[in-house]
Structure formats: C-alpha cells, structure tokens
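K.L.:
Build me a model from this:
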Amino acid sequence: MAAAGRDVISFGAGEPDFPTPDHVVAAAVRAAGDPSNHHYTANVGLPPLRAAIAQYTKTHSGVDVGDSQILVTNGAKQAIFQAFAALLDPGDEVLLPAPHWVTYPSGIELAGGISVSVPTDMEGGFKVTVGDLESHLTAKTKLLVFVSPSNPTGAVYTAAEAAAIGEWARDNDVWVLTDEIYQRLVYDGEDTAPSIAAVTRGLDDVVLINGVAKSFAMTGWRVGWMIGPDDVVAAAARHQSHATGNVNNVAQIAALEAITGPQDSVATMREAFDKRRQTMVSMLSQARGVTCAEPAGAFYVFPGVEGLLGEAHPNSAALAESLLEEAGVAVVPGESFGAPGHVRLSYALSDSDLEQGVTRMLDMFGRL
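P.N.:
Down below sits the predicted model:
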C-alpha cells in the first residue's frame with residue numbers, strides 16, 4: 001500500500017527506530033579495513049568478544065560465566081534455534097507462556113519438540129505463575145521458555161516472581177531457556193530486568209539468550225549469543241559449524257564495541273521509549289472497546305480489543321485488516337502470538353507518527 005502511494009503508519013516494527021551508535025559504526029569501518037577480519041575465525045566467536053560477553057552478563061544479568069559457556073550466533077534467533085536443537089528430543093514438551101514471540105513454536109517444532117501453551121491474561125499482568133506451570137507439567141516436560149521483558153506484552157517479572165518460577169523448574173528437573181534480549185529496555189526507574197538465572201539458587205539447567213539487537217539498535221548486524229553448560233554449548237557449536245560457521249567478523253567487532261564502549265545511547269533510547277509508552281497507553285485508554293495495560297519493558301503495547309469484535313470483525317486478525325485498509329494503520333494481530341482478542345503495537349516509531357496513528361485508531365473505534 002505504501003508503494004502504491006497510500007499513507008500507512010506501521011506499528012508493526014520489532015526493532016528500534018534509532019540508528020546504530022556512531023562509535024559502533026566507526027569500529028566496524030576500522031574492522032573492515034583490517035585483513036585479519038577477511039578470513040575464517042573461530043566458530044564459537046572471537047575470543048575478545050566472548051570475554052566481553054562474560055563481563056557484560058555479569059554486569060547486566062548478575063551471572064558469572066566462563067568463556068567456554070558462550071557461543072556467538074547469527075542473532076539471538078539462531079541462538080534460540082540451536083538451544084532447542086541441543087536440548088530437545090522428539091516428543092519432548094516445552095512449556096510456552098502465551099502470549100509469546102512467533103518464533104518460539106517453530107523452533108521447538110523444528111527440533112522435534114511439542115509446544116504446550118500456558119495462557120496468561122491482562123489481569124495477571126501477562127505473567128505466568130507457578131500454579132499455571134504446575135497444571136501443565138507432565139512426564140514429558142523438558143523445558144520452560146521464560147521471557148522477561150516480554151515480546152509482545154512488555155511484561156517484566158520481579159526478582160521474587162522469577163525466583164519462584166526458577167525454583168519450581170529446578171525442583172521439577174525442567175530446563176529453562178531465558179530470553180533476555182530486551183533486558184535493558186525497562187522503565188519505572190529500573191536499569192535492567194532481573195535474570196531468572198541470577199535470582200534462582202542452584203538453577204544449573206538454564207540457557208541464557210541475549211544479543212546486541214534491541215538495546216543497541218543493531219538488529220541488522222546479526223550478533224547474538226547463548227550461554228549455558230559446557231556440553232550444551234559445545235553441542236550447539238557443532239551444530240553451528242555445519243550450518244553457518246563463524247558470525248561475520250566485522251559485525252562481531254561492532255558488537256564488541258557496543259557492549260564495551262559508551263553506553264549513553266541505551267539510556268537515550270530508553271528515555272524516548274518511556275515517553276512514547278506513556279503517550280500510547282494514555283491515548284489507547286480513550287478508545288471505545290479497548291483495554292490497555294501499561295507495559296514495564298520492551299517497546300510494545302498489547303491492548304485487548306475483544307470489545308470491538310463482532311459480526312464485522314470476528315477476530316483480531318480481521319480487525320487488523322480493517323485498520324490497515326480503512327485507517328492506514330498497521331498492527332500485528334494477537335493470533336500471531338497465541339493470544340486472540342489482542343493486537344500488538346510497537347512504539348518504536350517517531351512521536352508524530354505514533355500520535356497520528358493512534359488518533360486514526362480512535363477515529364475508527366470511537367472515544368469513550
């Protein structure tokens with residue numbers, strides 16, 4: 001529609017609208033001119049980057065890890081895929097709190113596992129409880145996917161909530177895959193989200209996923225990592241050696257600069273997102289038929305739209321289609337995240353587009 005000249009405002013972006021910091025780009029330019037980066041390097045990642053990741057993980061997740069526990073991957077998505085491949089056997093069940101990011105079920109299925117959806121709701125802050133997990137536990141349960149902050153809801157678990165879930169997983173011999181890619185995009189005075197790996201004593205069967213994509217506006221650079229027990233990381237590294245080999249050397253140097261260099265850009269981006277978050281929630285709360293909770297992290301709002309559904313719009317996917325065609329506003333329907341009756345809106349766009357786009361939605365839905 002945009003290519004045809006239609007004015008479309010998209011709330012679909014799953015990436016920051018900020019440029020990669022200048023000092024990171026400059027480091028990449030220097031690296032591109034260094035002949036040592038023109039050749040194959042270690043499949044597991046450049047040694048200086050792995051050492052820096054260990055320190056970064058200690059600082060922001062509160063977890064001590066050795067370099068041998070770290071595998072640098074082509075984005076956090078590959079890390080997730082390879083963690084599933086290393087941990088799951090055919091028929092293993094994976095507890096997947098919903099709403100959830102669209103990639104998790106596919107990665108589980110490709111590894112031969114079975115996704116077991118564990119529903120949450122807005123009243124509970126879109127956070128799963130020990131009771132929820134216990135009611136879905138079977139003899140085949142192998143792994144729990146734990147995400148905080150969450151995509152698509154922006155939910156953030158407190159340290160106590162995370163510890164309770166971690167202790168349940170530990171006591172039931174359930175592995176935990178914790179995706180911490182949004183960990184530094186939290187609000188309300190916090191600098192980072194509590195890591196389940198840090199707050200749970202004795203949680204050894206855990207794989208931590210992270211990367212530079214979200215916190216440093218580097219989605220296109222494709223540098224992520226997985227951290228876990230030596231044998232799991234070694235298995236994933238063998239998998240990667242046959243799939244892709246080493247991550248792009250120039251991108252690895254850029255990631256090294258991002259996590260060791262000036263961190264001002266993270267705070268600047270977080271402040272901008274915080275302002276937009278409050279604006280979007282305030283505006284959406286005026287919409288007829290819409291319920292909206294304020295997210296505590298990431299850069300998404302996940303309002304309920306069940307009050308707008310009916311004969312004309314039987315589900316949120318149909319509502320999203322009408323929003324696009326009639327109002328020129330693109331949102332992602334909740335069906336994509338295992339949560340019908342909702343839509344996801346990213347506030348990773350300019351202030352003016354955000355306000356104009358939500359105003360169009362208010363005009364279409366009506367105001368309270």
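
K.L.:
Give the full set of residues in contact with V281.
P.N.:
Shown in contact with V281 (CB atoms under 8 Å, 6 or more residues apart in numbering): 292-295, 301. (Glycine included, C-beta is placed from N, CA and C.)

K.L.:
Quick check: the farthest pair among those?
P.N.:
The largest separation in the contacts of V281, counting by CB to CB, is between C292 and P295 at 9.4 Å.

K.L.:
So if I had to pick from those two, which one is more boxed in?
P.N.:
Just comparing C292 and P295: by other CB atoms under 10 Å the higher neighbour count belongs to P295, 27 against 21.

K.L.:
Wasn't L71 part of a strand?
P.N.:
Yes. Checked against DSSP: H, G, I helix; E, B strand; the rest coil, L71 lies within a strand.

K.L.:
ok, so what distance separates it from A86?
P.N.:
Distance, L71 to A86, using CB to CB, to the nearest Å: 10 Å.

K.L.:
and for those two, which residues touch both?
P.N.:
In contact with both L71 and A86: A236, using CB under 8 Å, 6+ apart.

K.L.:
and these two? which has more neighbours close in?
P.N.:
Neighbour comparison, L71 and A86: the larger count goes to L71, with 30 against 22 (by other CB under 10 Å).

K.L.:
could you measure the more buried one against A327, distance?
P.N.:
44 Å.

K.L.:
Which stretches in the protein count as helices?
P.N.:
Here the chain has its helices, by DSSP state H, at 22-32, 47-60, 75-87, 103-110, 130-136, 159-171, 196-199, 230-243, 249-260, 264-284, 316-322, 351-365.

K.L.:
can you list contacts of the third one?
P.N.:
By that I understand helix 75-87. Residues outside helix 75-87 that contact it (CB under 8 Å, 6+ apart): 71, 73, 94, 103-104, 107-108, 110-111, 113, 142-143, 175, 177, 179, 181, 207, 209-211, 213, 219, 222-226, 228, 232, 235-236, 239-240, 243-244.

K.L.:
So among those residues, which ones count as buried?
P.N.:
Burial by neighbour count, judged by 16 or more other CB atoms under 10 Å, picks out 71, 73, 94, 104, 107-108, 111, 113, 142-143, 175, 177, 179, 181, 207, 209-211, 213, 219, 222-226, 228, 232, 235-236, 239-240 from the contacts of helix 75-87.

K.L.:
related to what we said a few turns ago, let me have the helices of the chain in a markdown table, extended by mean pLDDT.
P.N.:
Output for the helices of the chain, formatted as a markdown table (pLDDT from 0 to 100):
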| stretch | mean pLDDT |
| --- | --- |
| helix 22-32 | 98 |
| helix 47-60 | 98 |
| helix 75-87 | 98 |
| helix 103-110 | 97 |
| helix 130-136 | 98 |
| helix 159-171 | 98 |
| helix 196-199 | 98 |
| helix 230-243 | 97 |
| helix 249-260 | 98 |
| helix 264-284 | 97 |
| helix 316-322 | 97 |
| helix 351-365 | 97 |
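
K.L.:
For F11, which of these is the nearest?
P.N.:
Among the helices of the chain, helix 351-365 comes nearest to F11, with 6.2 Å by CB to CB.

K.L.:
distance between the closest one and the chain's centre?
P.N.:
Offset of helix 351-365 from its chain centre (CA atoms, centre = their mean, to the nearest Å): 25 Å.

K.L.:
Now, the contacts of V281 that are in strands?
P.N.:
Cross-referencing these against strands under DSSP state E gives V301.

K.L.:
Is it possible to get JSON lines of the contacts of V281 that adds distance to G14 and pLDDT?
P.N.:
Listed next are the contacts of V281 as JSON lines, based on distance: CB to CB, whole Å; pLDDT from 0 to 100:
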{"residue": "C292", "distance to G14": "19", "pLDDT": "96"}
{"residue": "A293", "distance to G14": "19", "pLDDT": "94"}
{"residue": "E294", "distance to G14": "20", "pLDDT": "96"}
{"residue": "P295", "distance to G14": "14", "pLDDT": "97"}
{"residue": "V301", "distance to G14": "13", "pLDDT": "98"}
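
K.L.:
closest to V147 among the contacts of V281?
P.N.:
Nearest to V147 among the contacts of V281, with distances taken as CB to CB, is P295, at 13.0 Å.

K.L.:
hang on, the closest one packs against P152?
P.N.:
No. Contact criterion CB atoms under 8 Å: P295 and P152 do not qualify, at 9.3 Å.

K.L.:
where do the contact lists of the two overlap?
P.N.:
Common contact partners of P295 and P152 (CB under 8 Å, 6+ apart): F302.

K.L.:
Count the neighbours of the residue lying closest to E167 once chain neighbours are set aside for me.
P.N.:
Spatial nearest neighbour of E167, excluding adjacent residues (CB to CB, 6 or more residues apart in numbering): T200 at 5.8 Å. Look at T200: counted by other CB under 10 Å, it has 22 neighbours.

K.L.:
which residues does T200 contact?
P.N.:
Residues counted as contacts of T200 (CB under 8 Å, 6+ apart) are 162-163, 166-167, 169-170, 206.

K.L.:
Which residues are in contact with D353?
P.N.:
With contact set as CB under 8 Å, 6+ apart, D353 has these partners: I9.

K.L.:
Would you pull up how far stretch 190-201 lies from the middle of the chain?
P.N.:
Offset of stretch 190-201 from its chain centre (CA atoms, centre = their mean): 16 Å.
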